[in-house]
Structure formats: C-alpha cells, structure tokens
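A.B. asks: need coordinates for the following:
(2 chains)
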Amino acid sequence: MKFRIPRGTADVLPKESRIWDFIEQTAKNVFKRYNYKEIRTPIFEHTELFQRGVGETTDIVEKEMYTFKDKGDRSLTLRPEGTASVVRSFVENKLYADPDPVKLYYIGPMFRYERPQSGRMRQFTQIGVEALGSNDPRIDAEVISMALRQFEEMGLDNLRLEINSVGCSSCRPVHREKLVTYLHDVKEQLCKDCQSRLERNPLRILDCKNETCKSLTKEAPTIEQHLCDDCRTHYEDLKGHLDSMGISYIENPRLVRGLDYYTQTAFEIMAEGIGAIGTICGGGRYNGLVGEIGGNDVPGIGYAFSIERIVLALKAKGIDLGLEQGLDVYLIALGQEAKTVATKILDNLRKNKLSADMDYLDRKMKAQMKAADRSDAQYVIIIGEDEIAKQKVILRNMETGDQKEVSFDDLIETISSQIIKR
RNA sequence: GCGGCCAUGGCGAAGUGGUUAACGCACCGGAUUGUGGCUCCGGCAUCCGUGGGUUCGAUUCCCACUGGUCGCCCCA
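C.D. replies: Next up, the predicted model:
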C-alpha cells in the first residue's frame, strides 16, 4: 500500500455514490421548478478574485486557500467557494444584459486547507445558487424557501432556519464602530480569540460560545438597533413573506456570516448529525459584491450547501434509499464456443436496452451461478455445447427457479416481454 | 494553527515481552459429471502504520513521524 488519498479528501465509492446522485437529482429537480439554470465555472481562478471577492481578512483568504503559481508565473487558486466565480462570470459574460433577475446554480468541488473533522473536508462539494439583479425581499424569501424545499425532498426534517440582517454599507459601519468602542473597554476580559476578532471581525464576537464573552456582549449594541430604514424594511418584508409561506424561522441577531461580502439578509439552516458543526446550508445577500468585482451595482443573494454534510444528515436519520437495482440478465457460458456466442448475445441484450453481464474469469458453472445470484439478476441465460447444437438457450427465472429452452431468434423478445421493470 | 483518542489480514475485531498472531464477515475452492440463495469441509496476516530506542528477544514498553478520528478556531 504505497499511495494514500490526500488528507481531507475522500473517495465516493459506488455504494455511496447512489446517495450523491440522489441528492444532486433532487436539487436539480427543485432548481428547475424555480427556474434556476446551471452555470459551470473553472475550478481555479486568479487568486486576486478571491482576495477581493471573499475578503482579505477572512479566514478563507488568510490561511485556507490552495494557491499556486502556474508555468506562466500566474498566481492561481483552487476555488474555496462558489459565489466569487459566478459573479466574475456574470460580469465577464455580461449576463446582466439578460432579463433580470439572473438565476443560476452550480454544483462542484471547493477547496479549503483546514484540519478535517466530521463534516469538514479539504475538498468538499457544494451545491449553490445565486440570484443576481433584484433587491426585492421576495427573492430572498424565494431563495430560502427553495433551500428548505430541497432538503425536505431529500428526506430531511427537523431543520432549523435562522435568519438575521447584517445591515448594509451605510448602517453596518456605524454599528461596528459602536461595538468596537463598547468592547474595547472590556478587551482584557474577552477570550483570546475574541481579542483578535476585535480587530478583524468584531461582529463575530457576538457569536462567541465562551461564557464570559457571552455575558460581556449581553448589553452590547446590536445590529438590529442600528439598521437603517431600508435595511429594516427589507428585513421586515422578508419575515412577512416567510410567514405567508408558512416557513418557520428563528431570528438570531447574533448570526454573522464569515465572508465579507454579505449585506442585509443572512441565514443558516441546521440539521442533526453533522458532528459539532450543525450547519448544512449558509447563505445571504451580497449587494456590494458585483461592484467590488468590477461590475455595476447589481444586488445579489445566494446560498450553498455541501453534499458531504447532507450525506451525514441523511445517515444520521437512517435514510434508506432501497436496494441497488439488480441486473435484468446474467449470461452463463460453458466452453469456448459458447463463450464466443455469448459475447454476441450479451451485446444484443444490451443493444435492446436490457442490463446484462457475464463472467470474464473463466469460472465454473457453479461459480457463475453464484455471481448471477449476487448480481441480483432476474434471469439467467445458460449456453453450453448442447444449446449451441440446438440453437437454443436455457432461460432461467432466478426468482422462481423455472427454466425453459428458447431459440436464439426468440430470445430478445421473450426476455423483454417477461422482465419486470424496476 | 491548537488539543483529546486511536493505528493488527479486504472489513469488523481478540491478543501476548519469547516456538505455528484467536474469532466473525467477505472472498476463493470442494461436498462425483452443466445450475444460485441454506448447511458442512478446506483455503486465506513469514506479520501486527513508518522510523528509531530499551531488551538476550517486541506486534506487545518508550520516543519521533505519518495517518485516521473527534473537538477548538472558522466554515458548507
């Protein structure tokens, strides 16, 4: 055993890939109903895109990016998230010329250099959406409801939706400054992490789990108190739309998203079974990002969830996707001549839309029967010397054990009419 | 970047400072000639993550490294 998988990555083996496919298909099905279209962007981008888009002071940019130089001395980075790339593409391809809003989704791997743990990998797969061009709170509500609908249809319940408004470029700085001033006096009592947060991302201090920090921030200025009229109205409208759709949510005034580009609406969806993490989906509005990346002042909102975490949540629920679908036919050939004939028959079965396989290991009949049984085939076709002489095969129903002779010419029609499609 | 726990065959899992490292599952072969699922029999780790050290002797003791896992930070 010489080679091992790199740290923080995982192979999705056939058994598991069924669940992945189920998740992807379910998500795509919902996207279609909501009129979101797929976009595929490169897995790497110019490093500067993420520095600008995600934010210089975020953990992602400061210490988690897979950055490398190519042979042309360009600094490139494996994408750590999807939004910056989509916005880049939106601007570069002038998608703003399309009727607003532009509604996009993507599915693909993301990369962050972190210590792996349950629900956190260095390469992980995100399914995400971006709706660009509208600042209407109704689209915030649409996006949130779409996420919940996807998880519901995947079989997840007991989900917890938390929402908040983090303000905009006019009201957030005011709050931020008051908060920093307030906390500066008690800086020495804050935990080590929060002391550094005070400089980098003071809003996060409000979300600290440390008991001392919690009590110190109890009376601290909240974002909610400082929202400007626009942001307040936007937030109230969003809640109204969620209410009218019957979506229950928890207002969490301390909910802060880690990436710099978020404005106004922020939300998270939590589920059981994701280790210590809990969050399966995070999202929010980013009205300044398109401008930051070189486009016009286009508002946007989006979210992303990771397939890995959905798989964990599904497993925690004991989701059963049912048995793997078995083969229609397994072919057993005995002897050289029969094998040649069987190869042709096998091809013909497949050509006629039947799933079929045969032995390639020169195994004896008993072993081939065993293989047929394991493949959960509905029928077995047996061809040996006798059958070739008669230009017939034996067709055996594996469920009942009944078997009969069928001529080569009638084989496809006979099987096709008897197969139970499943 | 920091901390806890762990590291035996394809998988799960016993075990001991000293000749042949349990067992279960899976897999392969057999139980008379070309027929599965049950049963029975047989096979399947010259080796116990890697490298050092202690020792007459280590898979069992110590150290380092690597990896896994869980948690912190942060996040999907």
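A.B. asks: what's the longest helix that chain A contains packed up against?
C.D. replies: Identified as the longest helix of chain A according to DSSP state H is helix A:14-33. Using 3 or more Cβ pairs under 8 Å, 6 or more residues apart in numbering; DSSP states H and E as the contact test, the elements touching helix A:14-33 are strand A:37-38, strand A:102-111, strand A:123-132, helix A:137-154, helix A:307-316. Quick note: C-beta positions are derived from backbone N, CA and C, even for glycine.
A.B. asks: which one of the ones you listed is the most hemmed in?
C.D. replies: Counting by mean count of other Cβ atoms under 10 Å, strand A:123-132 has the highest mean neighbour count of these, with a mean of 23.
A.B. asks: what are the buried residues along stretch A:17-31?
C.D. replies: A:19, A:22-23, A:26-28, A:30-31 (16 or more other Cβ atoms under 10 Å).
A.B. asks: just stretch A:406-419 next, same as before
C.D. replies: A:406, A:408, A:411-412, A:414-415.
A.B. asks: stretch A:355-367 now?
C.D. replies: Buried residues in stretch A:355-367, counted by 16+ other Cβ under 10 Å: A:355-359.
A.B. asks: equivalent analysis for stretch A:262-282, please.
C.D. replies: A:262-271, A:273-274, A:278-282.
A.B. asks: now do stretch A:153-173
C.D. replies: Quick answer for stretch A:153-173 (16+ other Cβ under 10 Å): A:154-156, A:159-168, A:171-172.
A.B. asks: can you tell me the average pLDDT over stretch A:177-195?
C.D. replies: Stretch A:177-195 shows a mean pLDDT of 81.
A.B. asks: mind checking how far it is from the chain centre?
C.D. replies: 36 Å (Cα atoms, centre = their mean, to the nearest Å).
A.B. asks: ok, now stretch A:59-72?
C.D. replies: 23 Å.
A.B. asks: quick one: contacts for the closest residue to residue A:367 other than its chain neighbours?
C.D. replies: The spatial neighbour of residue A:367 that comes closest, neighbours along the chain excluded (Cβ to Cβ, 6 or more residues apart in numbering), is residue A:359 at 7.6 Å. Residues near residue A:359 by Cβ atoms under 8 Å, 6 or more residues apart in numbering: A:331-333, A:367-368, A:371.
A.B. asks: out of the residues you listed, which comes closest to RNA strand B?
C.D. replies: Taking Cβ to the nearest atom of the strand as the measure, RNA strand B sits nearest to residue A:367 out of these, at 4.1 Å.
A.B. asks: and that closest one, what pLDDT?
C.D. replies: At residue A:367, pLDDT is 91.
A.B. asks: that one: which element?
C.D. replies: Assessed by DSSP states H and E, residue A:367 sits inside helix A:365-374.
A.B. asks: do residue A:68 as well
C.D. replies: strand A:66-69.
A.B. asks: that strand near RNA strand B at all?
C.D. replies: No: Strand A:66-69 does not reach RNA strand B (Cβ under 7 Å from any atom of the strand); its nearest approach is 12.3 Å.
A.B. asks: tell me what that strand is packed against?
C.D. replies: strand A:75-78.
A.B. asks: partner strands of the strand it packs on and their direction?
C.D. replies: Strand pairing for strand A:75-78, using DSSP bridges, gives strand A:44-46 (antiparallel), strand A:66-69 (antiparallel).
A.B. asks: got the contact list for that strand?
C.D. replies: Counting by Cβ under 8 Å, 6+ apart, A:43-50, A:65-70, A:111 sit against strand A:75-78.
A.B. asks: out of those, who's nearest RNA strand B?
C.D. replies: residue A:111 (9.0 Å).
A.B. asks: how far away is that closest one from residue A:45?
C.D. replies: 11 Å (Cβ to Cβ, to the nearest Å).
A.B. asks: so what's in contact with those two at the same time?
C.D. replies: residue A:79.
A.B. asks: number of residues surrounding the residue lying closest to residue A:295 once chain neighbours are set aside?
C.D. replies: The shortest distance from residue A:295 to any residue other than its chain neighbours is 3.7 Å, reached at residue A:91 (Cβ to Cβ, 6+ apart). The burial count assigned to residue A:91 is 18, neighbours taken as other Cβ atoms under 10 Å.
A.B. asks: what segments of the stretch 151-300 of chain A are strands?
C.D. replies: In the stretch 151-300 of chain A, the strands defined using DSSP state E, counting those that start in this stretch lie at A:160-165, A:250-251, A:263-270, A:279-285, A:300-306.
A.B. asks: next, the angle from the last one to strand A:279-285.
C.D. replies: If I follow you right, that is strand A:300-306. Going by axes from the mean of the first three to the mean of the last three Cα atoms, to 10 degrees, strand A:300-306 is angled at 170 degrees with respect to strand A:279-285.
A.B. asks: which helices and strands does strand A:300-306 pack with?
C.D. replies: Strand A:300-306 packs on helix A:83-92, strand A:123-132, helix A:137-154, strand A:263-270, strand A:279-285, going by 3+ Cβ pairs under 8 Å, 6+ apart.
A.B. asks: parallel or antiparallel, list what pairs with that strand.
C.D. replies: strand A:123-132 (antiparallel), strand A:279-285 (antiparallel).
A.B. asks: quick one: closest of the ones you listed to residue A:303.
C.D. replies: strand A:279-285 (2.5 Å; Cβ to Cβ).
A.B. asks: so the closest one, near RNA strand B or not?
C.D. replies: Yes: Strand A:279-285 is in contact with RNA strand B by Cβ under 7 Å from any atom of the strand, via A:279-282.
A.B. asks: widest-spaced pair of those?
C.D. replies: A:280 and A:282 (8.5 Å).
A.B. asks: show me what contacts residue A:401?
C.D. replies: With Cβ under 8 Å, 6+ apart, residue A:401 has no contacts at all.
A.B. asks: again with residue A:295
C.D. replies: Taking Cβ under 8 Å, 6+ apart as the test, what residue A:295 contacts is A:87, A:90-91, A:96.
A.B. asks: again with residue A:194
C.D. replies: A:204-205, A:208, A:210, A:213.
A.B. asks: flag every residue of the stretch 101-250 of chain A that's near RNA strand B.
C.D. replies: Counting by Cβ under 7 Å from any atom of the strand, the stretch 101-250 of chain A comes close to RNA strand B at A:112, A:114-121, A:124, A:126, A:193, A:197, A:204, A:208-210.
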